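Asker: Just need the structure, nothing else, for what follows:
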Amino acid sequence: MPDGSGTRIDAAKPDEKSPASINLFDLIGPFCHLVKPLGIATLDHAYRYQLPRFDQSNTPRTESAIEFILQKL
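Answerer: Residues are numbered from 1 along each chain as shown. Have a look, this model is predicted:
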């Protein structure tokens, strides 16, 4: 799995073939017999979609995350 800058984690993007992209559902799929997914949310507080594409999480105004909650079976 890639680490640090350049890693992209998506909640679900089945057509993504980039080695730097991680599909969250593919990541937790092998554990489906051990956990129950309870929730998933994308957090993009203050993200400015009208700006040109760049890593806005490096700015003091923007937060970007994918939050998922799993219950152990």
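Asker: Can you list the low-confidence ranges for this structure?
Answerer: Residues of the chain meeting the criterion pLDDT under 70: 1-18.
Asker: residue boundaries of the helices in it?
Answerer: 24-28 (DSSP state H).
Asker: show me the contacts for the nearest residue to residue 48 once chain neighbours are set aside.
Answerer: Sequence neighbours aside, residue 56 is the residue nearest to residue 48 in space, at 6.6 Å (criterion: CB to CB, 6 or more residues apart in numbering). Where you see a C-beta, it was placed from the backbone N, CA and C, and this is true even at glycine. Shown in contact with residue 56 (CB atoms under 8 Å, 6 or more residues apart in numbering): 47-48, 62, 64.
Asker: Just flag the most distant two among the residues you listed.
Answerer: For these, the farthest-apart pair by CB to CB is 48 and 64; their separation is 11.4 Å.
Asker: Please identify which of those two sits among more neighbours.
Answerer: residue 64 (14 against 11; other CB atoms under 10 Å).
Asker: What residues does the more buried one make contact with?
Answerer: By CB under 8 Å, 6+ apart, the residues touching residue 64 are 43-44, 47, 56-57.
Asker: can you rerun that using 6 Å?
Answerer: Contacts for residue 64 (CB atoms under 6 Å, 6 or more residues apart in numbering) come out as 44, 57.
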